[in-house]
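Student: Here is my input, please return the structure:
(2 chains)
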Amino acid sequence: MIVVLSGRERNTRGDLFDRYFQCHYRVFIRGKGWRVASVNGREVDSYDDEHAIYFLDLDGPQVAASIRITPTVKSSLIADHLPQLIENGEPARAPTIYECNRLVMPPSGDNRHNKSSLIGAMLQWCFARRLTHLHMLIDAEALPEYLELTPLTTPLGLPQFYGGGPEVPTGGACMAVRWPICPQLLDDVRRYGQTESDDRLRGDEVMPRISSDRIH
Amino acid sequence: MTFDASIYGKRTLDFIERIRQLDRYDDLSREIVSELKWFGYSSVTSWSMPRPGEDQADCLLINTRPREYIARYIEKNYIVRDPVVTELRRTVDPFSWSDLRAKRSLSRSEKSIMDEGQEFGATDGLIVPIMTPSGSLSVFSPCGEQPNLSSRARAAVELIGMFSVGALKRAVTKHPSNERARAPLTPREREIMQWVATGRSDEEIADLLTLTPRTVTWHVENAKRKLDTHRRTHAVVQALRFGEISL
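Tutor: Numbers count the residues shown, from 1 in each chain, chains lettered A, B, ... in the order given. Got it, this is the predicted structure:
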C-alpha cells in the first residue's frame, strides 16, 4: 500500500516517519556508505522539513520503497548547491516545479512494478496539483535507466564530475534532469512497470491505491 | 578554437530538443552528422554489439565511414582483434582512441586496425558505450582528424551519442521502411553482383572467377541479404541504386 505523507505530519504520523528515517539510515548510510549525520539509527536531512512530501510503499510494517519530493521554491538540492547543472537558461525554482530525490527500492529482484507503482502515485499527486515539472539530481550513469522508464527524461545540462570523477572509487558524474508532468509521462511509467491504468486524474481526487489521508 | 564552456551544454540541449521532433531516419542522420561536425567529427558509426551467432551486418545503426572501410572490417573479421572491441569488454566508460593508445600496449595488428582510420582522415575518435538496463550494449563512435576532446566537449558528445542512438532505434522501429545504415557489399560481393547484372548464372560466374559455384552462391546470398531482398533481379536493382555496381 502506498501512503502519502506531508512533512507537516511529523508529529501526528510519528511512527511512519520513524520507520522511514530508519529505512534511510539502512539504505544510505549502511548500504551506500553515505557520510551524513544520523542519530540513533535514523537519518534525517535538512530537506526533511514541513514542505516535503513523502510517498511510502508499505509492506506490512516495513517501508519497502519510498521517494520524497520538495517544492523548489522552498528547498532544492540542485538550486541550493549545484545550480551550474542547469544550463538551459530556465530557473531552477518555480512554484510548479518540485524536486524529487531519495528514491529507495527493494534491494533485490525485478523492481519495475514496484518502481512504477511508487512513481506513478507520486506523478498522480503532482498532476492533481497542476505541477509542471519534476527535477532530479541523478548519477550520470543512471541516465539510460531513466530514459528506459520514460523517453521524456530531459537533461537540464551536461554531467559534471564530483569527488574526482568516475575513475576514482568515491567519485562519479552527476547531472540534473527533469520530467514534464503530463499524461504521457504517467502512461510511460505505467507501461514500464505494466501497472494498471487509471484515468481518474482530476482535481484533488485521491487514487484508491494511495492512502486515503489527504494532504491539503 | 576554444569556446566558452557553457556553449557545450546549450548546444547539446538544443540538439536533444531538435532530434526529439524528428522521427524519420534520414532527418535524424542528417542532424546527427551536422552536430558532430561542429565538434570536429567527420564520420560516425554506431552499432549494437552482435550477440553470439548474430551477423555483424545486421547491427549497424548509422555509418558515414567509407563503405570500403566497413566492408574490409567485416570481411577481415576485425571485430575479433579490434582493440576498441576488446576494451569494450573491460569497461562501459567512454574513451577516446588516444586514451586507448596511451593506456594499453597494442600489438602490431591492433595498431594496424586502429591506424586504418587515417585512410579516411580520422586520427582520433570517441567510443561511447551505451548500456541499456536490460544489458544490451550499443556503441556510438564518431571520429575525425582533430576532434574536440576537451572534457566538456566529450561530455556533450557522450550525451549526443546516447540520445542519437535512442532516436535512431525509435525511428527504425516506428518506420521499418526507413532506410537505415546498410552494411556495404564486400569487394568480392560487388564483383559477383556486377556479373549477376550481366545475366550470368552462378555456375558461369564461378567459371569466370575460378571459384566454386557454391562460393558464388554464398556471396550472392550475402549480397541479397545486405540489399534487403530475396530476389536476384531486385538485388541488381538495389545494388545499382546504392551505387554498389554500375552498368
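
Student: going forward, measure contacts and count neighbours with C-alpha atoms only.
Tutor: OK.

Student: and B:Thr45, which of the three is it?
Tutor: Secondary structure, DSSP: H, G, I helix; E, B strand; the rest coil: B:Thr45 is strand.

Student: That one reaches B:Gly144, doesn't it?
Tutor: No. Counting by C-alpha atoms under 8 Å, B:Thr45 sits too far from B:Gly144 to count as a contact (11.6 Å).

Student: So which of the two has more stuff around it?
Tutor: Taking other C-alpha atoms under 10 Å in any protein chain shown, B:Thr45 and B:Gly144 do not tie; B:Gly144 has more neighbours (23 against 18).

Student: Can you give me the distance of that one to B:Val220?
Tutor: Distance from B:Gly144 to B:Val220, counting by C-alpha to C-alpha, to the nearest Å: 34 Å.

Student: Same check on B:Ser107?
Tutor: Going from B:Ser107 to B:Val220 by C-alpha to C-alpha gives 35 Å.

Student: Which one's more surrounded, those two?
Tutor: Taking neighbours as other C-alpha under 10 Å, B:Ser107 and B:Val220 compare with B:Val220 leading, 21 against 11.

Student: what comes up buried for the lengthiest helix in chain B?
Tutor: Under DSSP state H, the helix in chain B containing the largest number of residues is helix B:151-174. For helix B:151-174, a neighbour-count test (16 or more other C-alpha atoms under 10 Å in any protein chain shown) marks B:152-169, B:171-172 as buried.

Student: For the helix or strand immediately after that helix in the chain, list the C-alpha coordinates in CSV.
Tutor: For helix B:151-174, the following helix or strand on the C-terminal side (DSSP states H and E) is helix B:187-196. What follows is helix B:187-196, C-alpha atoms only, in CSV (Å, rounded to 0.1, in the frame of the first residue of the first chain):
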residue,chain,number,x,y,z
PRO,B,187,34.7,-6.1,-52.9
ARG,B,188,34.0,-9.8,-53.9
GLU,B,189,30.3,-9.4,-53.4
ARG,B,190,30.4,-6.3,-55.6
GLU,B,191,32.4,-8.1,-58.3
ILE,B,192,30.0,-11.0,-58.3
MET,B,193,26.9,-8.8,-58.4
GLN,B,194,28.4,-6.9,-61.3
TRP,B,195,28.4,-10.3,-63.2
VAL,B,196,24.9,-11.1,-62.0
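
Student: Contacts for helix B:187-196, please.
Tutor: B:68, B:71, B:202, B:205, B:216, B:219-220, B:222-223, B:232, B:236, B:239, B:244-247 (C-alpha atoms under 8 Å, 6 or more residues apart in numbering or on different chains).

Student: Please narrow these to those residing in helices.
Tutor: In this view, these that belong to helices under DSSP H are B:Glu68, B:Ala71, B:Asp202, B:Ile205, B:Val216, B:His219, B:Val220, B:Asn222, B:Ala223, B:Arg232, B:Val236, B:Ala239.

Student: who touches the first one in this structure?
Tutor: I take that to be B:Glu68. Counted by C-alpha under 8 Å, 6+ apart, B:Glu68 has contacts B:Pro184, B:Thr186, B:Pro187.

Student: what's the least confident helix or strand in chain A, going by average pLDDT?
Tutor: strand A:160-162 (a mean of 88; mean pLDDT, DSSP states H and E).

Student: Give me the helices and strands touching that strand, please.
Tutor: strand A:172-180 (3 or more C-alpha pairs under 8 Å, 6 or more residues apart in numbering or on different chains; DSSP states H and E).

Student: Sheet-wise, list the partners of the strand it packs on with their directions.
Tutor: Strand A:172-180 has these partner strands in its sheet, going by DSSP bridges: strand A:133-139 (antiparallel), strand A:154-155 (antiparallel), strand A:160-162 (antiparallel).

Student: Give me the buried positions along the longest one.
Tutor: Of the residues in strand A:133-139, A:His133, A:Leu134, A:His135, A:Met136, A:Leu137, A:Ile138 count as buried by neighbour count, 16+ other C-alpha under 10 Å.

Student: hang on, the second one packs against A:Ala176?
Tutor: Read that as A:Leu134. No. The pair A:Leu134 and A:Ala176 does not pass the contact test of C-alpha under 8 Å, sitting 10.5 Å apart.

Student: shared neighbours of those two, which are they?
Tutor: Here A:Leu134 and A:Ala176 have no joint contacts, going by C-alpha under 8 Å, 6+ apart.

Student: List of residues touching the least confident helix or strand of chain A?
Tutor: Applying C-alpha under 8 Å, 6+ apart, the contact partners of strand A:160-162 are A:Leu85, A:Gly171, A:Gly172, A:Ala173, A:Cys174, A:Met175.

Student: Among those, which one is most surrounded by other residues?
Tutor: In terms of neighbours by other C-alpha under 10 Å, those top out with A:Met175 at 24 neighbours.

Student: Does that one have any beta-bridge partners, and if so which?
Tutor: Beta bridges link A:Met175 to A:Ile138, judged by DSSP bridges.

Student: Contacts only, for it.
Tutor: A:Leu85, A:Leu137, A:Ile138, A:Asp139, A:Ala140, A:Pro155, A:Leu156, A:Gly157, A:Leu158, A:Pro159, A:Gln160 are the contacts of A:Met175 under C-alpha under 8 Å, 6+ apart.

Student: re the thing from before, as JSON lines, the contacts of B:Glu68 with neighbour count and pLDDT would be great.
Tutor: Below are the contacts of B:Glu68 laid out as JSON lines (neighbours: other C-alpha atoms under 10 Å in any protein chain shown; pLDDT from 0 to 100):
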{"residue": "B:Pro184", "neighbour count": "23", "pLDDT": "77"}
{"residue": "B:Thr186", "neighbour count": "22", "pLDDT": "82"}
{"residue": "B:Pro187", "neighbour count": "14", "pLDDT": "82"}
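
Student: What is the nearest of those to chain A?
Tutor: Distance to chain A across those (C-alpha to the nearest C-alpha) is lowest for B:Pro184, with 30.3 Å.
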